[in-house]
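**Q** dropping the sequence and predicted coords here.
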Amino acid sequence: MTHQIYGLTVDDESRCKHYDTPLDIIAIKFKCCKKFYPCYKCHEESENHDAKRWHSSEFNEQAIICGVCKHTMSINDYMLKEVCPKCDSRFNHRCKYHHHLYFKI
């Protein structure tokens, strides 16, 4: 199943105008609207509602997509790895500094 990635993307691997390094290849499904966005800034600029964060009890939700191979993974799986479990593409390890914007830990 392919998921649409919303927001201000600049390529087909889910990089956006805000985060576009070679490692910025994931998109996150926002709890509030169930849409995948590359980042919280894209969500803010595209939606007219506040973002809701995923609670730790919901971390089995398939809410992360690899922009390279389009594999979806759980929040738990994403938080434990820095590479896609399917294609081994490396994720931006600095994304963890924004986890508090997406997840209630």
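**A** Received the coordinates, thanks. Numbering: from 1, shown residues only.
**Q** poorly predicted segments of this structure, please.
**A** Scanning the chain for pLDDT under 70 picks out 1.
**Q** all the helices of it, in order from the start?
**A** Residue ranges of the helices in the chain, as given by DSSP state H, are 40-46, 75-80, 99-102.
**Q** got a list of contacts for the last one?
**A** If you take CB atoms under 8 Å, 6 or more residues apart in numbering as the criterion, helix 99-102 is touched by 28, 30, 40, 51, 53-54, 79, 105. C-beta here means a position set from N, CA and C on the backbone, and glycine is covered the same way.
**Q** among those, which lie within strands?
**A** Using DSSP state E, the members of the contacts of helix 99-102 that fall in strands are 28, 54.
**Q** in PyMOL, how would I select just the buried ones from the contacts of helix 99-102?
**A** Per 16 or more other CB atoms under 10 Å, the buried members of the contacts of helix 99-102 correspond to this PyMOL selection:
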select buried, resi 28+30+40+51+53+54+79
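**Q** what is the most widely separated pair among the contacts of helix 99-102?
**A** Largest separation among these by CB to CB: Ala51 and Met79, giving 17.8 Å.
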